[in-house]
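>>> missing the sequence, but the structure's below:
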């Protein structure tokens, strides 16, 4: 299998990013405020906690955006709010010709959105589709939706801008933030949505950054006190983001080293190993026999996580040995019998190799 993983930032670049995040924090908070846990409630004139507003200002500057807002519902909620800000029920949405992420599909189904599909891997086909179809908005997923995806999000945004001018573009940046150099809104999209939970933050908090006109609409719709992200949650988002870039870069190095060792034949029974963004950046391990389900059972006995919590959340420390993502399975159901995905989380290559080797030996 040939895959086209996204280019990750290096450990040195991640370190510089951490320093930039901290520097941005110091420009919005006093030292005493940074040591606080945050306030609660709807402050008069702000309709949200003061600390939440300050964290949103940090995010706005960090991602070079006009505005940012923290939302309930994690990445799914942020993406839903972003889509609803640019698109009305029943309108037409440009998407990639691939399986749509299930939670996103739910949002689109509930809105009665008409999907117009184009192959983002083929610039000529994308341009032809845009010249032919009447569109109201576009949705681009940053990470891969099927194994053969190789499109550059920045190039897709550029083509849409050239063919449709100011057509609203929303990008699903889940599993890409702090792994790549720039997120969708920094590459010309109107809105970028992602989960703070995947960046060592608290459960259930999503982030939406981009054009102020759309962010303001989202804030207006989420006016009630119960919809507000509280100050202590916002501070958890901030602390998680400070540590996330370096952690993610180390994780990428572990993936590269583990692949090198598997390619060298260190684990008998492994046919191939490829790196893919499915949806997290992971190692896809293919076995010589259809034993994927049995390997997953054996790996769990040896300490591997059998399922995600938030996919790279603060709770996930051991390597995750898991079935292929839903979008990859939808593209080729047969892969599930002989292939698994491994996310190192906070582990090193020795742990992954040991669990794989012991699992396969026990199956013999």
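Cool, the structure landed. Computed from a predicted model, the values in this text were never measured in an experiment. Numbering: from 1, shown residues only.

>>> so how far is residue 328 from residue 137?
Distance of residue 137 to residue 328, given as CB to CB, to the nearest Å: 26 Å. (Glycine included, C-beta is placed from N, CA and C.)

>>> How about residue 154, nearest residue that isn't a chain neighbour?
residue 187 (4.2 Å; CB to CB, 6 or more residues apart in numbering).

>>> That should have said residue 198, apologies.
Nearest non-adjacent residue to residue 198 (CB to CB, 6+ apart): residue 312, at 5.0 Å.

>>> Residue 258 contacts residue 351, doesn't it?
No - assessed by CB atoms under 8 Å, residue 258 is found out of contact with residue 351, at 9.6 Å.

>>> ok, these two, which is more surrounded?
A count of neighbours by other CB atoms under 10 Å puts residue 258 above the other of residue 258 and residue 351, at 27 against 19.

>>> contact partners of the strand or helix carrying residue 51?
For residue 51, the element it lies in under DSSP states H and E is helix 50-62. Residues from elsewhere that reach helix 50-62 (CB atoms under 8 Å, 6 or more residues apart in numbering): 20-21, 24-25, 27-29, 33, 36, 38-39, 43, 46, 65-70, 207, 209, 228-235, 237-238, 241.

>>> Show me how far the host helix or strand of residue 240 is from its chain's centre.
For residue 240, the host element (DSSP H and E) is helix 231-263. In terms of CA atoms, centre = their mean, to the nearest Å, the centre of helix 231-263 is set 12 Å apart from its chain centre.

>>> tell me which residues in stretch 149-168 are buried?
149, 151, 153-154, 156-157, 159-160, 164, 167-168 (16 or more other CB atoms under 10 Å).

>>> where along the chain do the helices fall?
In the chain, the helices defined using DSSP state H lie at 11-26, 31-34, 50-62, 74-86, 102-111, 123-132, 153-164, 212-221, 231-263, 292-301, 326-331, 349-363.

>>> which stretch in these has the least confidence?
Mean pLDDT is lowest for helix 326-331 out of these, coming in at a mean of 71.

>>> and the gap between residue 280 and residue 199?
12 Å.

>>> brain fart, residue 361
Distance from residue 361 to residue 199, by CB to CB: 37 Å.

>>> again with residue 34
Residue 34 is 18 Å from residue 199, by CB to CB.

>>> returning to that earlier point: just want to know which of residue 361 and residue 199 has more residues nearby.
Ranked by neighbour count (other CB under 10 Å), residue 361 and residue 199 place residue 199 first, with 24 against 12.

>>> Surely that one and residue 240 touch.
Yes - using CB under 8 Å, residue 199 is in contact with residue 240, at 5.3 Å.

>>> Just list the residues touching residue 259, thanks.
Residue 259 neighbours (CB under 8 Å, 6+ apart): 273-275, 283.

>>> Quick check: of the residues you listed, which has the highest neighbour count?
That'd be residue 283 among the contacts of residue 259, by other CB under 10 Å, with 23 neighbours.

>>> quick one, what contacts the nearest residue to that one once chain neighbours are set aside?
Leaving out its chain neighbours, the residue that sits closest to residue 283 by CB to CB, 6+ apart is residue 342, at 4.6 Å. Taking CB under 8 Å, 6+ apart, we find residue 342 in contact with 258, 282-285, 319-322, 352, 356.
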